[in-house]
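>>> Sharing a model prediction with you, sequence too.
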Amino acid sequence: MNDMEHRKTNNGEGRRLDGEEEEEEEDEDEGNGRGLDAWERAYADERSWESLQEDESGLLRPIDNKTIYHAQYRRRIRSLYSTTTTARIQKGLIRYLYIVVDLSRAAAEMDFKPSRMAVVAKHIEAFIREFFDQNPLSQIGLVTIKDGLAQCLTDLGGSPDSHVKALMGKLECSGDSSLQNALDLVHGYLNQIPSYGHREVLILYSALSTCDPGDIMETIQECKKSKIRCSVIGLSAEIFICRHLCQETGGSYSVALDESHFKELLLEHAPPPPAIAEFAIANLIKMGFPQRAAEGVISICSCHKEAKVGGGYTCPRCKARVCELPTECRICGLTLVSSPHLARSYHHLFPIPPFDEVSLSLLNNPHQRSSRACFGCQESLLIPGNKPNLCVACPKCKQHFCLDCDIYIHESLHNCPGCESFRHSKIVSVTEE
């Protein structure tokens with residue numbers, strides 16, 4: 001009897017151990033991605049087969065993502081250039097932009113990996129730096145929404161580091177979102193901006209509802225009267241009140257499909273928006289060009305209300321010290337800028353036209369050996385085997401450029417090297433005569 005009980009106990013333990021091994025195997029399968037949903041596997045798998053395409057001979061070749069990206073980029077440049085040349089467009093070079101970040105409990109959702117809040121914070125940092133690179137005379141402020149309240153993180157200023165540092169220290173999600181409280185707070189700040197400044201609000205909204213203390217329609221009409229352009233980028237789904245807000249104030253409303261789409265939508269707000277010349281007000285603006293203070297001088301900074309050693313700039317009117325440019329003097333209210341800031345804003349008024357694609361027959365022409373090298377980087381435009389590669393040419397100077405130089409010229413340089421060299425040689429020949 002004892003032997004039979006002993007056998008039963010051993011058999012029971014054996015079955016229990018086998019069950020544990022099966023559970024461990026199931027856990028390993030889930031760890032390998034077999035237990036994941038379809039949308040989760042899209043992030044876990046590399047999906048390397050999607051980077052292949054079939055050529056004319058039926059062989060699998062890797063997709064030329066560089067050419068696809070360049071084609072999309074040139075399409076966007078062409079559309080922007082066509083809108084600026086077909087009508088009288090006045091760019092808002094002095095912009096006052098408030099970025100409203102939704103940090104309600106909806107921002108903690110993980111449909112964007114690792115969360116909506118983390119994705120928004122990462123791309124806001126890139127957007128702020130890109131914004132100041134393209135708009136050196138403009139200023140940005142940050143506002144957050146959580147627990148049904150709106151809080152101003154940073155005032156309007158021109159320092160990207162201070163904005164990024166303030167946002168990264170307040171990344172906590174809680175409570176509901178209140179769109180009306182955010183608009184009321186931003187309206188109070190932007191209503192004090194001079195008429196020459198373009199007032200803008202960019203809202204990164206994660207929630208599907210808004211918990212407002214009053215009538216939000218009245219707040220929207222107040223923003224419209226104050227000429228505040230409100231734009232919204234949604235991270236969940238399209239909401240009627242956000243659509244209505246953008247339509248009334250002249251902004252744009254879009255919903256991000258994924259992280260890359262959200263980045264594209266966000267960077268579209270970096271260039272200055274066009275303003276119709278008939279409705280834009282032309283004003284003369286008083287600006288001061290301050291000198292940089294000596295390194296060993298101790299003075300009280302008007303920005304931080306404390307003594308600092310060296311650096312900074314001195315206002316030419318009241319001799320007050322400020323830390324960074326561009327800004328407004330806290331003592332006399334004079335707009336303080338530097339000459340490079342004005343020069344960098346010039347390219348928005350006269351953008352470089354998109355380059356034309358060059359036919360492969362021109363590169364194969366033996367009589368045009370100069371066109372076989374990029375005028376910008378001097379690299380050969382021929383791929384191995386002396387076969388012509390894709391390239392573009394400036395419609396004015398007819399010089400050929402590679403795809404990388406095309407993007408660099410339109411995004412960063414904002415001047416055609418061929419046109420500039422031709423203009424320089426013409427000036428030199430005139431002076432020699």
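Perfect, thanks for sending it.
>>> show me the contacts for the most centrally placed residue in the chain.
Residue closest to the mean C-alpha point of the chain, counted by Cα atoms, centre = their mean, is residue 267 at 2.8 Å. By Cβ atoms under 8 Å, 6 or more residues apart in numbering, residue 267 lies in contact with 126-127, 130. Quick note: C-beta positions are derived from backbone N, CA and C, even for glycine.
>>> same question, residue 336
Counted by Cβ under 8 Å, 6+ apart, residue 336 has contacts 287-290, 313, 315, 322, 325-329.
>>> go with 10 Å
158, 287-290, 313-317, 320, 322, 324-329 (Cβ atoms under 10 Å, 6 or more residues apart in numbering).
>>> Tell me how far it lies from residue 195.
Going from residue 336 to residue 195 by Cβ to Cβ, to the nearest Å gives 19 Å.
>>> in the stretch 201-350 of the chain, which ranges drop under the pLDDT threshold?
For the stretch 201-350 of the chain, the stretches flagged by pLDDT under 70 are 275-283, 347-349.
>>> which stretches of it form helices?
216-225, 240-249, 259-267, 339-344 (DSSP state H, counting those that start in this stretch).
>>> Can I get the ones you listed in a markdown table including distance to residue 204?
Below are these laid out as a markdown table (distance: least, Cβ to Cβ, whole Å):
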| stretch | distance to residue 204 |
| --- | --- |
| helix 216-225 | 17 |
| helix 240-249 | 11 |
| helix 259-267 | 8 |
| helix 339-344 | 26 |
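>>> and of those helices, who's closest to residue 58?
helix 259-267 (30.8 Å; Cβ to Cβ).
>>> With only the CA atoms kept, save that closest one in CSV.
What follows is helix 259-267, C-alpha atoms only, in CSV (Å, rounded to 0.1, in the frame of the first residue of the first chain):
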residue,chain,number,x,y,z
GLU,A,259,5.7,58.4,-34.9
SER,A,260,7.3,59.3,-38.2
HIS,A,261,4.1,61.0,-39.4
PHE,A,262,3.9,62.9,-36.2
LYS,A,263,7.5,64.2,-36.7
GLU,A,264,6.6,65.3,-40.3
LEU,A,265,3.5,67.1,-39.1
LEU,A,266,5.4,68.9,-36.3
LEU,A,267,8.3,70.0,-38.5
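>>> and the residue nearest to the centre of the chain, how far is that from residue 411?
Taking Cβ to Cβ, one finds residue 267 at 11 Å from residue 411.
>>> Can you pull the residues that touch both of the two?
130, 134.
>>> CA atoms only: put stretch 226-234 into CSV for me.
The C-alpha trace of stretch 226-234 is given here as CSV (Å, rounded to 0.1, in the frame of the first residue of the first chain):
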residue,chain,number,x,y,z
SER,A,226,-7.0,88.8,-31.3
LYS,A,227,-5.7,87.2,-34.6
ILE,A,228,-4.2,84.2,-32.8
ARG,A,229,-3.6,81.4,-35.3
CYS,A,230,-4.3,78.0,-33.5
SER,A,231,-3.1,74.7,-34.9
VAL,A,232,-3.6,71.3,-33.5
ILE,A,233,-1.8,68.0,-34.0
GLY,A,234,-3.8,65.1,-32.5
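>>> how distant is it from the center of its chain?
Put simply, stretch 226-234 sits 16 Å off its chain's centre (Cα atoms, centre = their mean, to the nearest Å).
>>> Please apply the same query to stretch 177-195.
Centre to centre, stretch against its chain (Cα atoms, centre = their mean), the figure for stretch 177-195 is 22 Å.
>>> now stretch 232-244
Distance, stretch centre to chain centre, for stretch 232-244: 19 Å (Cα atoms, centre = their mean).
>>> What is the end-to-end distance of that stretch?
Start and end residues of stretch 232-244 are separated by 11 Å (Cα to Cα, to the nearest Å).
>>> What residues sit buried inside that stretch?
Neighbour counts using 16 or more other Cβ atoms under 10 Å place 232-236, 239, 241-242 of stretch 232-244 among the buried residues.
>>> can you tell me which two in those residues are farthest apart?
Counting by Cβ to Cβ, the most remote pair of the buried residues of stretch 232-244 is 235 and 241, 15.5 Å apart.
>>> so what pLDDT did residue 364 get?
Note for residue 364: predicted pLDDT of 61.
>>> ok, now residue 14?
42.
>>> Residue 161 touches residue 323, doesn't it?
No - using Cβ atoms under 10 Å, residue 161 is not in contact with residue 323, being 11.2 Å away.
>>> No further questions, thank you.
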